[in-house]
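Trainee: here's a sequence, model it:
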Amino acid sequence: MKSNVDISQLKASADWLKAKLGAAPPIGVVLGSGLGAFGDALLEPQSVGYADIPNAPVSSVQGHAGKLIFGKIENTPIVALSGRVHAYEGHPMERVVHMVRTLALWGVPRILLTNAAGAVNTAYRPADLMLIVDHLNLSWINPLMGTNDDAFGQRFVDLTRAYDPALIDVMRNAATQSGVTLREGVYAQLMGPNYETPAEIRMLRVLGADAVGMSTVPETTALRHMGVRVAGLSCITNMGAGILGEPLSHSEVKTVADQAAGSIIKLLKLALPRMAEA
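Mentor: Next up, the predicted model:
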């Protein structure tokens, strides 16, 4: 099996960003479903549509704006990817991780990945925020499949500390100082696009998951392969199937994400500049 990474395409994307925006910022953030409001909080924003970036994939999912925003919080330069593409849309894995790999090639050394997730832990409630401390890859696909390309990283990647301990500490301290309640837990990724069955939610609880979603894990894996430090944050937008006995919908996900936007912006405005120096 050949490598599924096309370095020339990624390099073209990264070179375009460098020519357009200049030097890479010290921190980046990927904004998941309904979480794009944070991009509006950046100062001196420069916005670029994914469609304008050479070789960049464009999402078809509502709630994913599909644009890159380069701006500042206080004096700290930050790049935000507002929206991502998913394997369930039909994108191969190399396309799913194209934009985060592009940021890494551009030179961004730290990235916070955010997502909307369903609660597996019955103590959680919609609009809670969860710091990701570990993950379960239950999608059974991996962006590192194929022949390894040494230009990106070593063949066998250690994910013992997939989520960087120093960045986790920054998030904890920022949550305390900002008064934002921050839970901590394990995120499980399933393929989607359907929501999980009640039996699958019970299985995930037995396996040790606290939240479940359809993204993030491939990005974490690809970034760690390239030596980028990663942190993860889930916005709990719904209780998992069978917990409340109510049907699930994407509109509910977006509504709850909107409700949590204030807490997310408050937390990230304090945490990201500190993460940039950690």
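Trainee: now do stretch 114-128: distance from first to last residue.
Mentor: 13 Å (C-alpha to C-alpha, to the nearest Å).
Trainee: for it, buried residues please.
Mentor: Neighbour counts over stretch 114-128 (16 or more other C-beta atoms under 10 Å) mark 114-121, 124, 126-128 as buried. Any C-beta I mention is one placed from the backbone N, CA and C, and that applies to glycine too.
Trainee: flag the shaky bits of the chain, pLDDT-wise.
Mentor: Along the chain, the parts satisfying pLDDT under 70 run over 1-4, 60-65.
Trainee: now with 90?
Mentor: 1-7, 32-40, 58-66, 83, 88-91, 140-141, 146, 149-153, 192, 238-262 (pLDDT under 90).
Trainee: so where do the helices sit in it?
Mentor: 7-21, 93-96, 98-106, 165-178, 198-207, 217-225, 250-275 (DSSP state H).
Trainee: including distance to residue 149, could the ones you listed go into JSON lines?
Mentor: Listed next are the helices of the chain as JSON lines, based on distance: least, C-beta to C-beta, whole Å:
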{"stretch": "helix 7-21", "distance to residue 149": "7"}
{"stretch": "helix 93-96", "distance to residue 149": "11"}
{"stretch": "helix 98-106", "distance to residue 149": "11"}
{"stretch": "helix 165-178", "distance to residue 149": "26"}
{"stretch": "helix 198-207", "distance to residue 149": "32"}
{"stretch": "helix 217-225", "distance to residue 149": "9"}
{"stretch": "helix 250-275", "distance to residue 149": "28"}
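Trainee: now render these as JSON lines, adding distance to residue 78 and mean neighbour count.
Mentor: Formatted as JSON lines, these follow (distance: least, C-beta to C-beta, whole Å; neighbours: other C-beta atoms under 10 Å):
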{"stretch": "helix 7-21", "distance to residue 78": "12", "mean neighbour count": "16"}
{"stretch": "helix 93-96", "distance to residue 78": "23", "mean neighbour count": "20"}
{"stretch": "helix 98-106", "distance to residue 78": "11", "mean neighbour count": "24"}
{"stretch": "helix 165-178", "distance to residue 78": "14", "mean neighbour count": "17"}
{"stretch": "helix 198-207", "distance to residue 78": "33", "mean neighbour count": "15"}
{"stretch": "helix 217-225", "distance to residue 78": "16", "mean neighbour count": "24"}
{"stretch": "helix 250-275", "distance to residue 78": "6", "mean neighbour count": "20"}
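Trainee: residue 148 is nearest to which of these?
Mentor: helix 217-225 (8.8 Å; C-beta to C-beta).
Trainee: what's the closest one packed up against?
Mentor: helix 93-96, helix 98-106, strand 110-119, strand 129-137, strand 182-189, strand 229-239 (3 or more C-beta pairs under 8 Å, 6 or more residues apart in numbering; DSSP states H and E).
Trainee: quick one: which of those is nearest residue 216?
Mentor: strand 110-119 (4.9 Å).
Trainee: can you put the helices and strands packed on helix 217-225 in a markdown table and add distance to residue 19?
Mentor: Converted to a markdown table, these look like this (distance: least, C-beta to C-beta, whole Å):
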| stretch | distance to residue 19 |
| --- | --- |
| helix 93-96 | 23 |
| helix 98-106 | 11 |
| strand 110-119 | 21 |
| strand 129-137 | 33 |
| strand 182-189 | 34 |
| strand 229-239 | 25 |
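Trainee: nearest to residue 56, of the ones you listed?
Mentor: It is, among the helices and strands packed on helix 217-225 and with distance given as C-beta to C-beta, helix 98-106, at 6.2 Å.
Trainee: check which helices and strands the closest one sits against.
Mentor: By 3+ C-beta pairs under 8 Å, 6+ apart, helix 98-106 packs against helix 7-21, strand 27-31, strand 76-82, strand 110-119, helix 217-225.
Trainee: now those as TSV including distance to residue 204?
Mentor: Shown next, in TSV, are the helices and strands packed on helix 98-106 (distance: least, C-beta to C-beta, whole Å):
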stretch	distance to residue 204
helix 7-21	33
strand 27-31	23
strand 76-82	27
strand 110-119	9
helix 217-225	14
